[in-house]
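A.B. asks: Just the structure for this:
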Amino acid sequence: MAWGTSSNVITTNLDSGTDSPAAARADIKSAFDELKAVIDGRNTANGVAGLDASQKITISQIPDEINSSSGVNLVLDPNTGKVKLEEILNLAPQTVSQLNARADIQQGDIAFCSNGDAGTECLAVAVIEDDSAGAPTWKVVQIGSAIST
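C.D. replies: Numbering: from 1, shown residues only. You can find the predicted model right below:
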């Protein structure tokens with residue numbers, strides 16, 4: 001069932017005290033059909049994601065991928081000031097050329113660079129140095145020894 005559409009709610013026979021109740025019946029029925037579409041549209045395709053008892057979107061309604069509008073960064077802005085990822089964060093590898101070609105580098109950006117530590121993999125962080133005229137540059141965060149217990 002499709003989500004309700006306001007253009008399907010006609011008030012022509014409902015906006016005056018002199019309107020005919022008989023003529024208004026079809027408009028009222030149409031409006032209730034749209035209301036039913038909204039109610040039945042919970043947790044359906046082209047509907048709205050419902051909330052569980054904890055006021056959270058259920059896992060079955062969360063998309064596997066979130067894309068921002070063209071040319072706009074996707075921003076997560078929690079009230080706590082901290083984004084917590086459970087499990088693993090995966091950064092797509094980029095080359096030195098790809099990272100340096102970016103026009104949107106900001107202090108604090110972190111990337112996985114496939115060839116940034118003299119040709120080997122490393123993490124990179126964008127920092128502003130005193131001699132860089134305020135423009136951030138990528139710096140190597142070396143990858144150390146293998147983890148162990």
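A.B. asks: in the chain, which helix has the most residues?
C.D. replies: Secondary structure assigned by DSSP state H gives helix 21-40 as the longest helix of the chain.
A.B. asks: what's in contact with it?
C.D. replies: 1-6, 8-14, 47 (C-beta atoms under 8 Å, 6 or more residues apart in numbering). From N, CA and C alone the C-beta is placed, and that goes for glycine too.
A.B. asks: repeat for stretch 41-51
C.D. replies: 1-4, 40, 57-58, 60-62.
A.B. asks: check which helix or strand covers Asn115.
C.D. replies: Assessed by DSSP states H and E, Asn115 sits inside strand 110-117.
A.B. asks: dump the residue contacts of the residue most central in space within the chain.
C.D. replies: The chain has Ile66 as the residue nearest its centroid, 4.6 Å off, counting by C-alpha atoms, centre = their mean. Going by C-beta under 8 Å, 6+ apart, Ile66 touches Leu74.
A.B. asks: Quick one: name whatever helix or strand follows the strand holding Asn115.
C.D. replies: With DSSP H and E, the next secondary element past strand 110-117 is strand 120-127.
A.B. asks: Can you tell me the strand partners of that following strand and which way each runs?
C.D. replies: If you go by DSSP bridges, strand 120-127 pairs up with strand 110-117 (antiparallel), strand 137-141 (antiparallel).
A.B. asks: quick one, which of those is packed in tightest?
C.D. replies: strand 110-117 (a mean of 18; mean count of other C-beta atoms under 10 Å).
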